[in-house]
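Colleague: What follows is a protein structure lacking sequence information:
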């Protein structure tokens with residue numbers, strides 16, 4: 001008897017995620033399960049493919065919950081760089097809400113830049129904040145998510 005391949009699943013690091021509705025639409029089109037993980041309660045559509053998880057208030061509780069389950073058949077949607085690095089290390093596809101796909105080759109540099117900016121801010125350096133989320137970011141995200149789903153299904 002041949003083993004059935006594991007199905008693709010999308011995990012959303014939901015606290016402050018601006019593309020949850022886009023994930024729901026793409027997942028519905030592909031009939032994929034979505035797990036929306038947050039520290040506490042978060043509203044999700046009433047859909048059998050969408051699961052809501054309140055991981056608890058501990059620091060990184062949502063990240064840890066996701067990483068206990070993410071594997072090479074998973075897509076992790078997050079703007080959290082350390083979570084993206086953990087997802088990539090586990091073989092999952094990690095996509096930021098702006099459409100950036102974190103790769104094994106680039107994640108080290110992304111982590112180093114994040115750490116540098118954190119150090120600059122803690123030393124009192126003015127670094128500015130992230131640029132506003134745009135329609136183009138949303139479009140890039142949709143394209144990256146659709147591409148990732150198609151690749152994982154091959």
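Modeller: Arrived safely, thanks for sending. Bear in mind that the values here come from a model prediction, so they are computed numbers and not experimental data.
Colleague: ok, how many other residues are close to residue 63?
Modeller: Residue 63 has 20 neighbours, counted by other Cβ atoms under 10 Å. Placement of C-beta: from N, CA and C, glycine included.
Colleague: Contact partners for it?
Modeller: 13, 80, 82-83, 86 (Cβ atoms under 8 Å, 6 or more residues apart in numbering).
Colleague: cool, and residue 77?
Modeller: 10-13, 17, 19, 23, 95-97, 145.
Colleague: follow-up on the earlier one: restricted to buried residues, select the contacts of residue 63 in ChimeraX.
Modeller: A single ChimeraX command selects the buried members of the contacts of residue 63 (16 or more other Cβ atoms under 10 Å):
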select :13,80,83,86
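Colleague: Mind putting the contacts of residue 63 into TSV with pLDDT?
Modeller: Shown next, in TSV, are the contacts of residue 63 (pLDDT from 0 to 100):
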residue	pLDDT
13	97
80	90
82	91
83	94
86	94
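Colleague: Any chance of the contacts of residue 63 in TSV with distance to residue 48 as columns?
Modeller: Below are these laid out as TSV (distance: Cβ to Cβ, whole Å):
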residue	distance to residue 48
13	22
80	27
82	32
83	26
86	28
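Colleague: So which of the contacts of residue 63 sit within helices?
Modeller: The helices, defined by DSSP state H, take in 82-83, 86 from these.
Colleague: about what we covered before: kindly indicate which of the contacts of residue 63 lies nearest residue 124.
Modeller: residue 82 (23.3 Å; Cβ to Cβ).
Colleague: Residue 23 and residue 145 touch, don't they?
Modeller: Yes: if you go by Cβ atoms under 8 Å, residue 23 and residue 145 touch, sitting 6.9 Å apart.
Colleague: Overlap in contacts, the two.
Modeller: 10, 77.
Colleague: For the protein, which element, helix or strand, carries the lowest mean pLDDT?
Modeller: Across the helices and strands of the chain, mean pLDDT, DSSP states H and E gives its lowest value to helix 107-122, namely a mean of 69.
Colleague: All the strands of this structure, in order from the start?
Modeller: 9-13, 34-38, 50-54, 74-77, 93-95, 101-102 (DSSP state E).
Colleague: now for these, which one comes closest to residue 149?
Modeller: Closest among these, using Cβ to Cβ: strand 74-77, at 7.0 Å.
Colleague: residues touching residue 88, list them.
Modeller: So residue 88 contacts 94, 102-104, 107 (Cβ under 8 Å, 6+ apart).
Colleague: This completes my enquiry, with thanks.
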